[in-house]
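Engineer: Pasting a predicted model and its sequence here:
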Amino acid sequence: MRRQLSLAFLLLPLCPLPALCQQQSTVIINAQLADGTGAPLRHVNLRITGSRIAKIGNFKPAKSDKVLDAKGFILAPGFIDIHNHSTEGLDADPLAESQIAQGLTSLILGADGDSPWPIAPWIEAHRKNPASVNVAVIAGHATIRELVMGKDFRRVATPEEISKMVSLTAHAMHEGAIGLSSGLEYDLASYSNTDEVIAMAAEAAKSGGFYMTHIRDEGNKSFEALKEEIEVGKRAHIPIEHSHIKLGTVGVWHKAPEYIAIINDARKHGVDFLADCYPYEAWHSGIKVLMPDKQYQNPASVEKAIADNGGPESVTIAEFKPNPSYAGHTLGELAKINNISYVEMYSRIVREGDAANTEASIIGHSMIEEDVKAFYQQPWVMVASDGGIGSEHPRGAGTFPRVLGLYVREKKWITLPEAIRKMTSLPAKRLNWKDRGTLKVGNYADLVLFNPDTILDRATFEKPFELPTGIEKVFVNGTLVWDTGKATGAKPGSVLTVSGKTL
Ligand SMILES: [Zn+2]
């Protein structure tokens, strides 16, 4: 009741004349609603007025309503991608066609420890020049670590340095960041100890932020890395978002049930732990991440790391600026072409990258379906892409329709309402967004209308930019941004801060 009163208050200034408000209304009829909570589908109408959902139920549209007949379609809250790498992509392409084509209405940027900086000017720029989608930004642990330590980062930070990192974290939160992210497996952050991360996470928690982490190891030592993550959650008293949950080496395959049991136990003991998972058995990262011991030129080490990842045919070069001809080939193929061993080939690509001050990006086919399925079936696992505009991995253009087409319709791993929950209210819960992520009167009208019989990804490792099928219409803050296969050109996206506050 209180909620409805406050909504009326909110809408009042926008609607000085009721007739005017009604003219701005659209009623979607005949769709089946998947409301984001996981509840069964239901046949009801939904009215959008201005930027909000004004009515849901079995009402008749008014004469002044614009009526949209959505027979055969599912109407759901717009999808929220909590791990999206479109920071640069959005600057060049604020229409974000490859994102809205998937039904996405909010992108959370700044994942894996790497964020824009400083935060305030970034937010201001995106507020002045909005995108088609809503955006929010997480402050990056590595970004802050580099600011404090510069090039001298290959060591544990001193207490003075940690206290500077903490105050920069506070500053970022104050300026509108929504949490702290880390990528502890990556070079810059890999030298940090747990105390450094805890100090910064505890600071982010004070301002209502959450901690999102690409943990220190996703392969042979993934269980140790998980324990460290849980310790951060406990000691920093911060909600956790485990990025792209996976078991990424041969040695830990089939261990999803054990991994899940540890997380369930932590949740039972009060750790607020959620995770996300992209719907592929291959990852995309830098070539160096393959080697936890960083012995890139040590043949025995390289051989072991490649074997752990499923062998030389499981590693494909996605992009390499110093030698673009490598792209699309596996390590095994490149070794044959160059008449050297795959171990030498790996070390050579690292050397060539170092000389040009860059690094090859690779696709590693080193997860198994059985583990991905087990993760997807956990109620605390949501869908996120870890991709974005221009991503060379098909997840950038395919993730959300792929889950609905492949995991729901074809494989039947999860029900449709549950999949929608994993794309909407579950990320909204982690973000502490109260007025997005479910279809409820008063909520923002971030909506997606799709065909459950045809929805499917089309992006592949060979053609990663192919747009999906089945997404009919997408609304962001009540404005149509995607209409039957095309972007409308509208850019109604907001910049959101902690608790979903609009700037
Ligand atoms: Zn990551």
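Structural biologist: Happy to help now that I have it.
Engineer: Any idea how many residues pack against the residue nearest to H329 when sequence neighbours are not counted?
Structural biologist: Closest residue to H329 apart from its sequence neighbours, by Cβ to Cβ, 6 or more residues apart in numbering: I317 at 5.9 Å. The way it works is simple: take the backbone N, C-alpha and C, and place the C-beta from them, glycine included. The burial count assigned to I317 is 23, neighbours taken as other Cβ atoms under 10 Å.
Engineer: is it true that I317 lies in a strand?
Structural biologist: Yes - counting by DSSP: H, G, I helix; E, B strand; the rest coil, I317 is part of a strand.
Engineer: What distance do you get for it to the ion?
Structural biologist: 19 Å (Cβ to the ion, to the nearest Å).
Engineer: just P394 next, same as before
Structural biologist: Noted for P394: a distance of 16 Å to the ion, by Cβ to the ion.
Engineer: repeat for E241
Structural biologist: Counting by Cβ to the ion, the gap from E241 to the ion is 12 Å.
Engineer: So what are the sheet partners of the helix or strand where that residue lies and their directions?
Structural biologist: According to DSSP states H and E, E241 maps onto strand 240-242. Paired with strand 240-242 in the same sheet, following DSSP bridges, are strand 210-214 (parallel), strand 273-277 (parallel).
Engineer: That strand: which residues count as buried?
Structural biologist: Using 16 or more other Cβ atoms under 10 Å as the test for burial, strand 240-242 gives I240, E241, H242.
Engineer: With stretch 234-241 instead?
Structural biologist: Buried, per 16+ other Cβ under 10 Å, within stretch 234-241: A236, I238, P239, I240, E241.
Engineer: Find the closest residue to the ion in the stretch 151-300 of the chain.
Structural biologist: H214 (3.4 Å; Cβ to the ion).
Engineer: for the ion, what are the nearby residues on the stretch 1-150 of the chain?
Structural biologist: For the stretch 1-150 of the chain, the residues in contact with the ion (Cβ under 5 Å from the ion) are D112.
Engineer: which residues are contacting the strand holding E241?
Structural biologist: Strand 240-242 has contacts (Cβ atoms under 8 Å, 6 or more residues apart in numbering) with 82, 179, 210-213, 215, 226, 229-230, 232-233, 263, 271-276, 430.
Engineer: Excluding chain neighbours, what is closest to the most centrally placed residue in the chain?
Structural biologist: Most central in the chain under Cα atoms, centre = their mean is H83, positioned 1.9 Å from the mean C-alpha point. Distances taken as Cβ to Cβ, 6+ apart put A384 closest to H83, at 3.9 Å, once the chain neighbours are dropped.
Engineer: Show me where the stretch 101-250 of the chain has its strands.
Structural biologist: 104-109, 134-137, 139-140, 179-183, 210-214, 240-242 (DSSP state E, counting those that start in this stretch).
Engineer: Select, out of these, the one closest to R154.
Structural biologist: Proximity to R154 (Cβ to Cβ) singles out strand 179-183 among the strands of the stretch 101-250 of the chain, at 15.9 Å.
Engineer: Identify the residues contacting the closest one?
Structural biologist: Applying Cβ under 8 Å, 6+ apart, the contact partners of strand 179-183 are 110-115, 138-142, 169, 189, 197, 200-201, 203-204, 209-214, 241, 243.
Engineer: from these, which would you call buried?
Structural biologist: Buried members of the contacts of strand 179-183, scored by 16+ other Cβ under 10 Å, are 110-115, 138-142, 169, 189, 197, 200-201, 203-204, 209-214, 241, 243.
Engineer: Isn't G89 up against A96?
Structural biologist: Yes - using Cβ atoms under 8 Å, G89 is in contact with A96, at 7.4 Å.
Engineer: Mind listing the shared neighbours of those two?
Structural biologist: Common neighbours of G89 and A96 (Cβ under 8 Å, 6+ apart) are I389.
Engineer: which intervals of the stretch 301-450 of the chain have sub-threshold pLDDT?
Structural biologist: The model of the stretch 301-450 of the chain has no residue with pLDDT under 70.
Engineer: can you map out the helices along it?
Structural biologist: Listed in chain order, the helices found in the stretch 301-450 of the chain under DSSP state H, counting those that start in this stretch are 331-338, 342-355, 369-376, 395-402, 416-423, 425-431.
Engineer: Redo these as TSV? Include mean neighbour count.
Structural biologist: Output for the helices of the stretch 301-450 of the chain, formatted as TSV (neighbours: other Cβ atoms under 10 Å):
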stretch	mean neighbour count
helix 331-338	18
helix 342-355	19
helix 369-376	18
helix 395-402	28
helix 416-423	25
helix 425-431	24
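Engineer: For the residue in the stretch 351-500 of the chain that the ion sits nearest to, give me phi and psi.
Structural biologist: Residue nearest to the ion within the stretch 351-500 of the chain: D386 (5.8 Å; Cβ to the ion). Main-chain torsions, D386, degrees, to the nearest 10: phi 60, psi 20.
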